[in-house]
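Q: take a look and give me a structure for this.
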Amino acid sequence: MEGAGKLVAVIGDEDTVTGFLLAGIGHRTAKNTNFLIVKRDTPVKAVEDAFFSFTARDDIGIILINQHVANTIRHKLKDYNQTIPTVLEIPSKEFPYDPEQDYIMQRVSMFLTGGFN
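A: Here you go, the predicted model:
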């Protein structure tokens, strides 16, 4: 996709994904979408598959994932080491953001301060 902009992908609860879709980030083709709505009964494998699908696509530049959803695939996120697409953990309405659970914030903290205070 040289010369074209990159998409933002979202993996999250219904409220979060709906908000981003209403903001205009949704993209749907006959083959795929750039979002996954995670409900209580969504299998962890489906979340992992969506994550791997988004990271393999060259048209996605950022993956936003609710932190509580990221916790279910934390073992996969810790192994992810690509710069693009960048993975950012975001809070949801029902689960506040905890920087101590965010692996990117953990790495930044290690480099800047030697750990969390």
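
Q: nearest residue to the middle of the chain?
A: Residue closest to the average C-alpha location in the chain (CA atoms, centre = their mean): Ile65, at 2.9 Å.

Q: how close does the residue lying closest to that one once chain neighbours are set aside get to Ile60?
A: Closest residue in space to Ile65, ignoring its immediate chain neighbours: Ile11 at 4.4 Å, by CB to CB, 6 or more residues apart in numbering. For every residue, glycine as well, the C-beta is placed using N, CA and C. Here the criterion is CB to CB, to the nearest Å. By it, Ile11 lies 11 Å from Ile60.

Q: shared neighbours, these two?
A: Residues within reach of Ile11 and of Ile60 at once, by CB atoms under 8 Å, 6 or more residues apart in numbering, are Phe54.

Q: out of those two, which sits in the more crowded spot?
A: Between Ile11 and Ile60, counting by other CB atoms under 10 Å, Ile11 is the more crowded of the two (25 against 20).

Q: ok, back up a step: please point out which parts of whichever strand or helix holds the residue nearest to the centre of the chain sit buried.
A: For Ile65, the enclosing helix or strand under DSSP states H and E is strand 60-66. Of the residues in strand 60-66, those buried under the neighbour-count criterion (16 or more other CB atoms under 10 Å) are Ile60, Ile62, Ile63, Leu64, Ile65, Asn66.

Q: elements contacting the helix or strand following that strand?
A: Taking DSSP H and E as the definition, the helix or strand that follows strand 60-66 towards the C-terminus is helix 67-70. With contacts defined as 3 or more CB pairs under 8 Å, 6 or more residues apart in numbering; DSSP states H and E, the packing partners of helix 67-70 are strand 86-90.

Q: if we can go back for a sec, over the strand holding Ile65, what's the mean pLDDT, rounded is fine.
A: Here strand 60-66 scores 95 as its mean pLDDT.

Q: how far off strand 86-90 does it point, in degrees?
A: 20 degrees (axes from the mean of the first three to the mean of the last three CA atoms, to 10 degrees).
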